[in-house]
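Enquirer: structure, please.
(one chain, ligands or ions: 2)
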Amino acid sequence: MSVDLHNHTILCKHATGTLEEYVEKAIEKNIDFFGFSDHAPMNYAQDYRMKFEQMNQYEKSILDLRKVYQNRIHVLLGYEVDFLVGFMDDRVINANVDYLIGSVHFVNKWGFDNPKYIGEYKNKNIDKIWEDYFEELENLAKSGLFNIVGHIDLIKVFNYLPKKDIKLLALKAIKEIKKANMAVEINAAGFRKPIKEAYPSKSIMELLSEYDIPITFGSDSHAPHEVGLNKDKIHSLASHYGYSKCANFIKKERFMVEF
Ligand SMILES: [Zn+2]
Ligand SMILES: [Zn+2]
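Expert: Ligands and ions are numbered 1, 2, ... in the order given. Next up, the predicted model:
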C-alpha cells in the first residue's frame, strides 16, 4: 500500500494544477491513499494560504472528488496548519477532516523557509536558530492539536546546518512527539530544495526508530508532477530504519498500513 498525505492545491496561491491532475498523477504513481492537506487559513502571511471563506469550497471539492474516484483511489482530506501561537483558529483545528499536519514555518515570526527572507540566516547564530526551531516543534507537540508532524527538520532547507549535534538539538521535541502519540511524515520535498535529501535526515530517522514513533509519507507537492516524486527513496529510507508500516488517518483515527 502506498500513502501520500501531504499535497497542496491552487488555493494556497503558490501551487499549480487542478485537483483532478493531482489525483490522476497519484493513480499513475500507484498511490492507494492520497490526501490533500493545503495550507490552512490564518491571519498571518496570508499570501501563502487560502482564506477562511474558502474552507467550505476546499473541503467540498475534495469530498466530491473522493466520490468520483472512489473505485480507483482513496482521496483523503486534511490541512497543513502552521504552528504559530496566537494565530491558530478553531475553525481549522475543529474542521471535520481526516487529519491535521502541524508544521513549523516560523521561528519568532520569521518565515525561515521562504527564499525571500533567506538573508536572515546571516544575521543570526545558526545553533540558536536550530534551538529555537526545535523549541517551537516541542511546543507544537505539547499543543496536542495535530495528528502528524510536517517536515520535521525543515530548518535545514537551505543547507545552513548547525555546529551542535542535530540529535541533541532534536531530542526534547522527539520525546514530546512520542508523548503526544503523533506520527512524523517522511517528506520528499527536501529532494527538490538546496538540502537535496528527505525530511527527516538520517540522524533524526535514528531517533524516530529508537523511540518507536510511527511514520507516514508525503510528497508536499505544489504541482501535479511533484506527486509521488522520489517516492521510492522515502520508502527505502523508512525501510532502512526498520519501518514496514506507515500511519494513515480517517476522521482523525490512526491505522497502520504496510507499504
Ligand atoms: Zn506551500
Ligand atoms: Zn510545509
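Enquirer: for the residue nearest in space to the middle of the chain, give me its contacts.
Expert: Centrality entry for the chain: nearest residue to the mean C-alpha point is residue 150, 2.8 Å, by C-alpha atoms, centre = their mean. For residue 150, the residues meeting the contact criterion (C-beta atoms under 8 Å, 6 or more residues apart in numbering) are 6, 80, 101-104, 185, 187, 218, 220. For glycine as for every other residue, the C-beta is placed from the backbone atoms N, C-alpha and C.
Enquirer: in strands, which of those residues fall?
Expert: The strands in this structure, assigned by DSSP state E, contain 80, 101-103, 185, 187, 218 from those.
Enquirer: against which helices or strands is the helix or strand hosting residue 238 packed?
Expert: When secondary structure is defined using DSSP states H and E, the element that contains residue 238 is helix 231-240. Taking 3 or more C-beta pairs under 8 Å, 6 or more residues apart in numbering; DSSP states H and E as the contact definition, the neighbouring helices and strands of helix 231-240 are strand 183-187, helix 202-210, strand 215-218.
Enquirer: give me the contact list for the second one.
Expert: When you say that, I think you mean helix 202-210. Counting contacts by C-beta under 8 Å, 6+ apart, the residues touching helix 202-210 from outside are 152-153, 165-167, 170-171, 174, 184, 200, 215, 237-238, 240-243.
Enquirer: let's go with 6 Å and repeat that
Expert: For helix 202-210, contacts defined as C-beta atoms under 6 Å, 6 or more residues apart in numbering pick out 153, 166-167, 170, 174, 184, 241-242.
Enquirer: just the residues you listed: which are in strands?
Expert: Where the contacts of helix 202-210 overlap with strands, as defined by DSSP E, the overlap consists of residue 184.
Enquirer: low-confidence regions, the stretch 151-259 of the chain specifically.
Expert: Judged by pLDDT under 70, the stretch 151-259 of the chain has no weakly predicted residues.
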